[in-house]
Every structure is written in structure tokens, then in C-alpha cells.
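**Q** Following is a predicted model, sequence given first.
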Amino acid sequence: MFMQENYKPDFTYAEFAPQFKAEFYDPDRWADIFEASGAKYIVLVTKHHEGFCNWPSKYSWNWNAKDVGPHRDLVGDLANAVRNKSDIHFGIYHSLFEWFNPLYMQDAANNYTTQDFVREKTMPELYELVNTYKPDVVWSDGDWMVDDTYWNATQFLAWLYNDSPVKDTVVTNDRWGQNIRCKHGGFWNCNDKYVPGHLLPHKWENCMTLDKGSWGFRRNAKLSDFYKMDDFIALLVETVSLGGNLLVNAGPTSYGEITPIFEERLRQMGEWLGVNGEAIYKTIPWKFQNDTTNPDVWYVNHLIHVS
């Protein structure tokens, strides 16, 4: 209904690309915000499920940020800013599949017995990203509909850890096939907004959103849709107490800015970590930690200390 009321008839998804200009995109400012937040690593979305590449990929002609829209290398600019202005590790997010790609749709129609999309699109992009930007984190997604054998994941990961330019420094998550999650990977994501409630035998990460209703920027979001600072800190403490890392999503605008509400929350987190970081960074969880016995125990204790 919204599209029918606000866009011309037969408007296509591809027509959004020229409207994505990122005219106020300032990677140095982004890097300042990330550093002020106390972050130790960041993960930039290089390509989400719609297939639009935020770098000048030769495998995505006219559907990337250099050819259309911003006309710049959004990934490279941020990688340079983060590395020049901070000690934060730079990571990349990459979606294995694409909603509208004909090659992927044909592979799916063939019940994934063919791999044309993987061979022609997914894997070439991943090799290109790693060789070009040398990330410390490769954060894969879009894997859930089929096993890792379709994605040729083991072949790529073998190269990544043995022969790539980041073989001695890189880490990866567990989203390389529906049979891999919570089983393999340098660290586990398992599911979005994942908090196990008890200590896991492996390093894990809670990837969550400051806007509880969306992974992206919403023009119609209300203040009540965003995490309050007490709840945000409580989630961080709970995550760390169970041996996890917190990956905080802040969806930017199409004009390239991190909005004030996201910036405020990130800077407030940095202020809190400036006082309490010794209890967060490089800590070891209590080996008997289990929040399923006393739910919200860390949240209650946090409120007591704050008051």
C-alpha cells in the first residue's frame, strides 16, 4: 500500500539505487563515533540480500555504489578512515544469497543441484572483498536455506585461513550453511539477537539492533522503539557474562549519516565503558554462569548499582 501511494506505477526495486546518494557520508566522522563508543571491531554491510554492492565490484555491474548512486567506494573509504584514526578492527558483512538475482533464482528452482550463482557471483565477490580490503572479520549471512556444500563454504574458508592475505588475523562467524550455525566458525551467531542464557563452550556474538523494530533506518521510528540506556547496558553485561561479544547495529540513512539517536546511544556506551570497561574487556566468564536459573539477575544488579 505504501509503495502504491507514494511511487509511480510499476516502480522497480532497481530504481531505488539512484536515490541512494550518501551525500553526507563522512567516514572520518563514523570512525570517531565508533571509537567513542568503545568498540573494538566494526562490521560494515558490504552487500545485503538485495545484492547491491557498496564497493566497486566487477561482479556486480551497474548495481554497486561506484557505478550508481553515491559514485564512491563506501567500503574502502570507511576501511581507510577506521584504520587511520583508530585501533578498531575492520570487518565486512556479506550476504551469500540475493533476492532477485536470476542465477540464484535458477539454482533455487533446481533445488540447489546447480551452483551457477555461487560460481559466478557469491564466491568471486568474497575473494574480491578479502583481497581488496583485507578485513579482520568476515561476517557471512544469507545461508539458512541450504547446506554449506551448495555455497562451497569449506573451499573458501580453507583459502581464507591458509592462503589469503589475512590468514593469520581473520576470524569468521558460523553462517556458511543451514547445517553450520552454532556448530562451526571462529565465533557463533546462531540466530539474530541470540542470548543463550547459559555459558557456551565456544566464543559467540549477540548481534542486535538499537532500533528494536528494524535493522535499517526508519523514518517513522518513535523514541520508544529504541533501547533505553539502562536496558542497553544490561544487555551488554548479560552478553559478556555468558562469554559473548555484543555487535550493535545502527542503520544509517540513505544520505550517509548515523542519526543522532544512534550516535547518542553509542557515545553513552563509550562513556560507561570508560568507567567500567575493566569489567568488560578481556574478561573471563564464571564457568558456572547460567542466567536460566535467575533470569535478569544482571539487570537487577545493574539497577541497584545505578540507583
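**A** That came through fine.

**Q** what residue ranges in this structure are flagged as low confidence?
**A** Scanning the chain for pLDDT under 70 picks out the ranges 296-307.

**Q** can you give me the helices in it?
**A** For the chain, helices defined by DSSP state H occupy the ranges 2-6, 27-37, 74-85, 102-109, 116-117, 123-133, 148-151, 153-162, 229-241, 260-276, 297-306.

**Q** Please name whichever of those helices is nearest to Gly213.
**A** Among the helices of the chain, the nearest to Gly213 by CB to CB is helix 260-276 (13.1 Å). From N, CA and C alone the C-beta is placed, and that goes for glycine too.

**Q** So which elements touch that closest one?
**A** helix 27-37, helix 229-241 (3 or more CB pairs under 8 Å, 6 or more residues apart in numbering; DSSP states H and E).

**Q** ok, the closest residue to Asn131 other than its chain neighbours - how many residues close by?
**A** Nearest residue to Asn131, sequence neighbours excluded (CB to CB, 6 or more residues apart in numbering): Pro165, at 6.4 Å. Using other CB atoms under 10 Å, Pro165 has 13 other residues around it.

**Q** how close does Pro165 sit to Leu129?
**A** Look at Pro165 and Leu129: by CB to CB, to the nearest Å, they are 11 Å apart.

**Q** what do you get for Thr46?
**A** 6 Å.

**Q** Which one's more surrounded, those two?
**A** Legend: neighbour count by other CB under 10 Å for Thr46 and Leu129, higher for Thr46 (27 against 20).

**Q** follow-up on the earlier one: give the residues shared as contacts by Thr46 and Leu129.
**A** Both Thr46 and Leu129 are in contact with Trp55, Val75, Ile92, His94, where contact means CB atoms under 8 Å, 6 or more residues apart in numbering.

**Q** Overlap in contacts, Pro165 and Leu129.
**A** Joint contacts of Pro165 and Leu129 (CB under 8 Å, 6+ apart) do not exist.

**Q** Was I right to think Tyr41 contacts Ile92?
**A** No - counting by CB atoms under 8 Å, Tyr41 sits too far from Ile92 to count as a contact (11.0 Å).

**Q** out of these two, which sits in the more crowded spot?
**A** Ile92 (26 against 17).

**Q** partners of that one in the sheet?
**A** Going by DSSP bridges, Ile92 is paired in beta bridges with Leu44, Val138.

**Q** Might one say that it is in contact with Asp141?
**A** No - with contact defined as CB under 8 Å, Ile92 does not count as touching Asp141 (11.0 Å).

**Q** And the closest residue to Val240 other than its chain neighbours, how far from Cys182?
**A** Leaving aside its sequence neighbours, Val240 sits nearest to Ile280 (CB to CB, 6+ apart; 5.4 Å). For Ile280, the distance to Cys182 (CB to CB) stands at 24 Å.

**Q** repeat for Tyr7
**A** To Cys182, Tyr7 is 40 Å away according to CB to CB.

**Q** Ok, Phe97 next?
**A** 20 Å.

**Q** same check, this time on Asp26
**A** Distance check for Asp26 against Cys182: by CB to CB, it reads 38 Å.

**Q** ditto for Asn276
**A** Counting by CB to CB, the gap from Asn276 to Cys182 is 30 Å.

**Q** same deal with Gly69?
**A** Taken as CB to CB, the span from Gly69 to Cys182 is 36 Å.

**Q** okay, those two: which has more neighbours?
**A** Each of Gly69 and Cys182 has its neighbours counted (other CB under 10 Å); Gly69 has more, 21 against 15.

**Q** show me the contacts for the more buried one.
**A** Gly69 touches Ala17, Pro18, Gln19, Phe20, Lys21, Ala22, counting by CB under 8 Å, 6+ apart.
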